[in-house]
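Asker: Predicted model follows, preceded by the sequence.
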Amino acid sequence: MNTAAIIVAAGRGTRAGGDLPKQWQFVGSKRVVDWTLAAFKGHPEINQIVLVINPDDVDHVVELKGVLVVNGGETRDQSVKNGLLALEHSSVDSVLIHDVARACVSKDVVDRVLIGLTKAKGAAPAIRVSDALWFSNADFVEGTRTRDGLYRAQTPQGFHYSEILDAHKRSTGPAADDVEIARQAGIDVLIVDGHEDNLKITTPEDFARAEKLLRGHMDIRLGNGYDVHRFGEGDHVILCGVRIDHSRGLQGHSDADVGMHAVTDAIYGALADGDIGQHFPPSDPQWKGAPSDIFLKHAVGLACSRGFQISNIDCTLVCEYPKIGPNSKAMRSRMAEIMSLEVDRVSIKATTSERLGFTGREEGIAAIATATLVKI
Ligand code: MG
């Protein structure tokens, strides 16, 4: 399946308090919208993300990367429709429509919806009602309702793309959610298990609960990497993806980018998944002279496929020469580009070893790196 997530963030909800609509308010270290986007960006089966916003909120989205931002309409239905229309010329065949306020959505819930979509044209998470239900028009209980067969609906609600687009085009009136619009168009919607933690952040109390949940869900992994390459004949070295003229070159099976190898191994280390030599054996001739970004991209992809984001990396190059300082900015930019990270999450620094040892005798360059991976 080629799946897009449409995050509906055009609402004006301020019941949570504060001056801003809730999606732009902070829960812990990030805004509601950032948590929600991260949940879908980190999912290996989501290929595209559409964020539907109120046109008045355009100033809030300037720093969002890898997200197609679309203006919403007067109603939620119209906003979803705009998000669907934005995908009309893409190759998407299924969509997950999600309320931005459900920032604590887990990979498990998303997975259940995706599996549901292999069995039905619509699938959505819900929780069976377990509390007794009363009705009242004032302060006193006036009666009860049966809870048999009742569910509390959640999002993401998943559909085959062309059918839900068609359903939205044909829909005439306001609907409770996309499941109602789908059902009006004759699409059967399979109920999959939701989760109590997939709450819709609405009140100040919800913000406090979401903060606890998001903090508790955070799975942080550290890894380290170490590498050495010896000097040999040559007129340049490649360090952290940057070519630097030098009186000697580094020897190795690949391009001998010792810094990039250390960072790559740090990521494999955080995943507890071996090292660069296991994934790309030196005995395999296809890696001879290979640019090392192949290895780093593989490690980043592996992290992503397991639901991890790289939070930061820190790499220290140990050598007397060449001088790293004048090149560190270009190295950080190149490494950030390869890993699709902001530059301020990538540190490349250097030290000499006071002329001691093999690096001090200029026999080779060593690199040590740390990577932090976070699962949300
Ligand atoms: Mg190496």
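Answerer: Structure received.
Asker: residues in contact with the closest residue to the ion within the chain?
Answerer: Relative to the ion, the nearest point of the chain is residue 261 (3.6 Å; Cβ to the ion). (C-beta placed from N, C-alpha, C; glycine too.) When contacts are counted by Cβ atoms under 8 Å, 6 or more residues apart in numbering, residue 261 touches 225, 227, 229, 254, 276, 292, 295, 367.
Asker: what kind of secondary structure is the second one in?
Answerer: Think residue 227. What DSSP: H, G, I helix; E, B strand; the rest coil gives for residue 227 is strand.
Asker: Report how many residues lie close to it.
Answerer: Neighbourhood size, residue 227 [other Cβ atoms under 10 Å]: 23.
Asker: My guess is it contacts residue 367. True?
Answerer: Yes. Contact status for residue 227 versus residue 367: in contact at 5.2 Å, counting by Cβ atoms under 8 Å.
Asker: rewinding a little: report the lowest-confidence entry in the contacts of residue 261.
Answerer: Among the contacts of residue 261, residue 254 carries the lowest pLDDT, at 90.
Asker: Residue 267 - that's part of a strand, no?
Answerer: No. According to three-state DSSP, residue 267 belongs to no strand; its state is helix.
Asker: Could you chop this protein up by domain?
Answerer: The chain breaks down by automatic domain parsing into domains covering 3-217, 220-375.
Asker: How far off centre is the last one?
Answerer: What separates the centre of domain 220-375 from the centre of its chain is 23 Å, taken as Cα atoms, centre = their mean, to the nearest Å.
Asker: Within its sheet, name the partner strands of the helix or strand that contains residue 6 and how each one runs.
Answerer: Residue 6 is part of strand 3-9, with elements assigned from DSSP states H and E. Using DSSP bridges, the strands paired with strand 3-9 are strand 46-53 (parallel), strand 94-99 (parallel).
Asker: Tabulate those strands (a markdown table), appending mean pLDDT.
Answerer: Converted to a markdown table, those look like this (pLDDT from 0 to 100):
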| stretch | mean pLDDT |
| --- | --- |
| strand 46-53 | 96 |
| strand 94-99 | 98 |
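Asker: Pick the most buried one from those strands.
Answerer: Among these, strand 94-99 has the highest mean neighbour count (mean count of other Cβ atoms under 10 Å), at a mean of 26.
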